[in-house]
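Student: Just a sequence and a predicted model for now, questions to come.
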Amino acid sequence: MPNAITKFSKFIDRLDEVYKLASCTSVLDSDSTLVRAGANANELIIPKLTMDGLADYSRSSGYVDGDTSFTNETVTFNYDRGRRFSVDNMDNEETAGLAFGRLAAEFVRTKTVPELDAFRFAAYASENDISVKTGNLNSGNDVISALITAQSAMDESEVAAESRVLFITPTLYNAANNVDTTKSKAVIDSFSKVVKVPQSRFYTAIDMADGKSDGEKAGGYKKAAAKYEVTASQPDDWTSNYSNYYTVSDGVYTPVSTSASWESGKYYKKVSEEGKPINFMIIEKSAVLQYPKHTVSKVVTPEENQTNDSWMFFFRAYGLADVYENKRSGIYLHYAD
């Protein structure tokens, strides 16, 4: 039995390799040596340094004293997802112990990594005070023009150019690449790295299934739907802004089109927008706090399993995707209308 456990441990070690190869966002993973654990298990402490700028030098009195301030920012891990799987003992034995390895690798590649990428992009897109533009990019020239505008905005904000990563859909990347001019190539080559992101992972907001509720048992994620709340009492702006409210029929929300008398429980207010398809994002690497933890927390052998004759495997993805407060200019978002 120890040899079997050793074999499965080797499969587990390979999951990080699968993650790094399949993930679009692993290029942004932060250096864990720059942070330390907080007082609680789900917290990290991030050091922040601020300092005064230059002052006039005096030939008589010399230098003007400046102040530096070293503070710590506490952030909380915001991603914690997991699943439990079982592999029948005979299935595993008949495949020379490969059943789990294939299950785990396929799960990380097709389920964990796409969701983790989607969560990170949505988390960064939802930050306040980042640069945001909207619009449809219908041609390669449109893409090149939008990228030039984005680069110029980041240049004006003095965002480090040498560590900007362009994340872009394959469709728009190919459109830009097909322009095939010196100008277009220079724009694409101006980024430290270009990562093509499938549209299915690239939304401004996502909904993640809890894996337990009706309709969510398959788990995973999808583009976020707009959220609505029923208004129990008449809003102050009902008379002048009734068109900001909705009625619902068979799950479809429709804006109120004509003035009507207020009816309690009939009208709804939108409290969050639906996820929008992202065209591209430019992220300067040091602007984000991205710390992944991937753990298979427990392997239960058939001998230990009191329920059935199978191996039990527990997979958990735990991590953080956040943005430094003073580096939000290091993110530029362009999404479709």
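Tutor: Done, it's in.
Student: in the stretch 101-250 of the chain, which spans are helices?
Tutor: Under the criterion DSSP state H, counting those that start in this stretch, helices of the stretch 101-250 of the chain are mapped to 113-125, 140-156, 170-177, 182-189.
Student: just so I know, which of the ones you listed lies nearest Thr307?
Tutor: Thr307 lies closest, by C-beta to C-beta, to one member of the helices of the stretch 101-250 of the chain: helix 113-125, at 27.9 Å. For glycine as for every other residue, the C-beta is placed from the backbone atoms N, C-alpha and C.
Student: residue at max distance from the center of this protein?
Tutor: The C-alpha centroid of the chain is most remote from Ser60, which lies 54.8 Å away (C-alpha atoms, centre = their mean).
Student: which phi and psi does it have?
Tutor: phi -90, psi -40 (degrees, to the nearest 10).
Student: For Asp52, see how far away it is.
Tutor: Distance of Ser60 to Asp52, computed by C-beta to C-beta, to the nearest Å: 21 Å.
Student: one step back: tell me which of the helices of the stretch 101-250 of the chain is the most buried.
Tutor: Compared across the helices of the stretch 101-250 of the chain, helix 113-125 shows the largest average neighbour count, a mean of 23 (mean count of other C-beta atoms under 10 Å).
Student: Output that one as PDB, nothing but the C-alphas.
Tutor: The C-alpha trace of helix 113-125 is given here as PDB (Å, rounded to 0.1, in the frame of the first residue of the first chain):
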ATOM      1  CA  VAL A 113      -8.000  26.100 -14.700                       C
ATOM      2  CA  PRO A 114     -10.700  27.600 -16.900                       C
ATOM      3  CA  GLU A 115     -12.700  28.600 -13.800                       C
ATOM      4  CA  LEU A 116      -9.700  30.000 -12.000                       C
ATOM      5  CA  ASP A 117      -8.800  32.100 -15.000                       C
ATOM      6  CA  ALA A 118     -12.400  33.300 -15.300                       C
ATOM      7  CA  PHE A 119     -12.500  34.200 -11.600                       C
ATOM      8  CA  ARG A 120      -9.300  36.200 -11.800                       C
ATOM      9  CA  PHE A 121     -10.200  38.200 -14.900                       C
ATOM     10  CA  ALA A 122     -13.700  39.000 -13.400                       C
ATOM     11  CA  ALA A 123     -12.100  39.900 -10.100                       C
ATOM     12  CA  TYR A 124      -9.700  42.400 -11.700                       C
ATOM     13  CA  ALA A 125     -12.400  43.700 -14.000                       C
END
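Student: Which helix or strand contains the residue nearest to Ala232 when sequence neighbours are not counted?
Tutor: Closest residue in space to Ala232, ignoring its immediate chain neighbours: Ser264 at 6.2 Å, by C-beta to C-beta, 6 or more residues apart in numbering. Using DSSP states H and E, Ser264 sits within no helix or strand.
Student: that older thread, confidence score at the residue farthest from the centre of the chain?
Tutor: pLDDT recorded at Ser60 is 88.
Student: go on, Glu325?
Tutor: 86.
Student: ok, it - how many residues close by?
Tutor: For Glu325, the number of neighbouring residues by other C-beta atoms under 10 Å comes to 12.
Student: I'd say it and Glu73 touch.
Tutor: Yes. Assessed by C-beta atoms under 8 Å, Glu325 is found in contact with Glu73 at 7.2 Å.
Student: what's near enough to touch the residue most central in space within the chain?
Tutor: Centroid-nearest residue in the chain: Arg120, 1.0 Å away (criterion: C-alpha atoms, centre = their mean). Contact analysis of Arg120 by C-beta atoms under 8 Å, 6 or more residues apart in numbering lists 25, 28, 290, 321.
Student: Ala104 versus that one, what's the distance?
Tutor: From Arg120 across to Ala104, the span is 22 Å (C-beta to C-beta).
Student: now Ser233
Tutor: As judged by C-beta to C-beta, Ser233 and Ala104 stand 52 Å apart.
Student: Those two - which one has more neighbours?
Tutor: Remark: of Ser233 and Ala104, Ala104 carries more neighbours, 22 against 8, as counted by other C-beta under 10 Å.
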